[in-house]
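Peer 1: Sequence and predicted structure are below.
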Amino acid sequence: MTNKDQNPIDENQNALTGNQEVKGSNTVKDPDEWTTGDEPMTGAQHSYLKTLSDEAGEEFDESLTKANASKRIEELQHKTGRGLEK
């Protein structure tokens, strides 16, 4: 079984938050350093952020950029406990 098969949630989580792993490293690139961070959030981010916002009882801002959506997702994950490693 490959690492990809063992940790599908980790890979999916990176897709939802927009976090980009640096090849050959276990670090995650800061959203403020993304070259596409000022583009509109992705469909996956939109969906996940809407879910987290609803669960947290927080307002959902559809106008966030990819980078800002990633930061907001992380904030709401901490508030709701959803998507955090156990």
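Peer 2: That came through fine.

Peer 1: show me the contacts for the closest residue to G37 other than its chain neighbours.
Peer 2: In space, G37 comes closest to A67 once its chain neighbours are excluded; the distance is 3.2 Å by Cβ to Cβ, 6 or more residues apart in numbering. C-betas here are computed from N, CA, C, even on glycine. Applying Cβ atoms under 8 Å, 6 or more residues apart in numbering to A67 gives the contacts G18, P31, D32, W34, G37, D38.

Peer 1: measure A67 to Q45 for me?
Peer 2: Computed as Cβ to Cβ, to the nearest Å, the A67 to Q45 distance reads 10 Å.

Peer 1: try T80
Peer 2: Note on T80: its distance to Q45, by Cβ to Cβ, is 16 Å.

Peer 1: Repeat that for E74.
Peer 2: Taking Cβ to Cβ, one finds E74 at 11 Å from Q45.

Peer 1: quick one: which of those two has more around it?
Peer 2: A direct count of neighbours by other Cβ atoms under 10 Å for E74 and Q45 places Q45 higher, at 22 against 17.

Peer 1: wait, is N68 part of a helix?
Peer 2: Yes - counting by DSSP: H, G, I helix; E, B strand; the rest coil, N68 is found in a helix.
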